[in-house]
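> Structure for the following, please:
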Amino acid sequence: MPNLHDGALRRFEIIGRALLISPADRSRSELTVRLGYGLAPNTRPAASAKLEWRIAPNL
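Numbers count the residues shown, from 1 in each chain. Predicted structure coming up:
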């Protein structure tokens, strides 16, 4: 078990990624989901979430 009183920030992150494409499609989509949780000594926990969706031409 890590010692949370050594002054270092502890950050945990889960990343999920999906590529949505087929050879006949004119565009491609990439969906990325990030969920994070951070702990630092003598502070409140911090949570974060990020959803990113990219659409690009299928060259």
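
> Paired strands for the helix or strand harbouring Ser48, with orientation please.
Using DSSP states H and E, Ser48 falls within strand 46-57. The pairing partners recorded for strand 46-57 under DSSP bridges are strand 27-39 (antiparallel).

> which parts of the strand it pairs with are buried?
Neighbour counts over strand 27-39 (16 or more other C-beta atoms under 10 Å) mark no residue as buried. For every residue, glycine as well, the C-beta is placed using N, CA and C.

> pLDDT on it, on average?
Strand 27-39 shows a mean pLDDT of 90.

> Residues in contact with it: which ones?
Under the contact criterion C-beta atoms under 8 Å, 6 or more residues apart in numbering, strand 27-39 has outside partners 4, 9-21, 45-58.

> Listing request: residues of this structure with sub-threshold pLDDT.
Regions of the chain meeting the criterion pLDDT under 70 cover residues 1-9.

> farthest residue from the center of it?
Centroid-distance maximum for the chain: Ala24 at 29.1 Å, with C-alpha atoms, centre = their mean.

> Dead centre of this protein: give me the residue that sits there.
By C-alpha atoms, centre = their mean, the most central residue of the chain is Arg34, 2.1 Å off.

> Distance of Gly38 relative to Lys50?
14 Å (C-beta to C-beta, to the nearest Å).

> ok, now Pro41?
As for Pro41, its distance to Lys50 is 25 Å (criterion: C-beta to C-beta).

> Please apply the same query to Tyr37.
To Lys50, Tyr37 is 13 Å away according to C-beta to C-beta.

> burial count for Ile21?
13 (other C-beta atoms under 10 Å).

> I figured it hits Pro57, correct?
No. Ile21 is not in contact with Pro57 according to C-beta atoms under 8 Å; the separation is 11.2 Å.

> before we move on, the earlier item: only the C-alpha atoms, please, for the strand holding Ser48, written as CSV.
Presented in CSV, the C-alpha positions along strand 46-57 are these (Å, rounded to 0.1, in the frame of the first residue of the first chain):
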residue,chain,number,x,y,z
ALA,A,46,-10.3,15.3,-7.3
ALA,A,47,-12.2,13.5,-10.1
SER,A,48,-12.1,14.2,-13.8
ALA,A,49,-13.9,13.0,-16.9
LYS,A,50,-13.2,13.7,-20.6
LEU,A,51,-15.1,12.7,-23.7
GLU,A,52,-13.5,13.3,-27.0
TRP,A,53,-15.0,12.5,-30.4
ARG,A,54,-12.9,13.0,-33.6
ILE,A,55,-14.3,12.8,-37.1
ALA,A,56,-11.9,12.8,-40.1
PRO,A,57,-12.0,11.9,-43.8
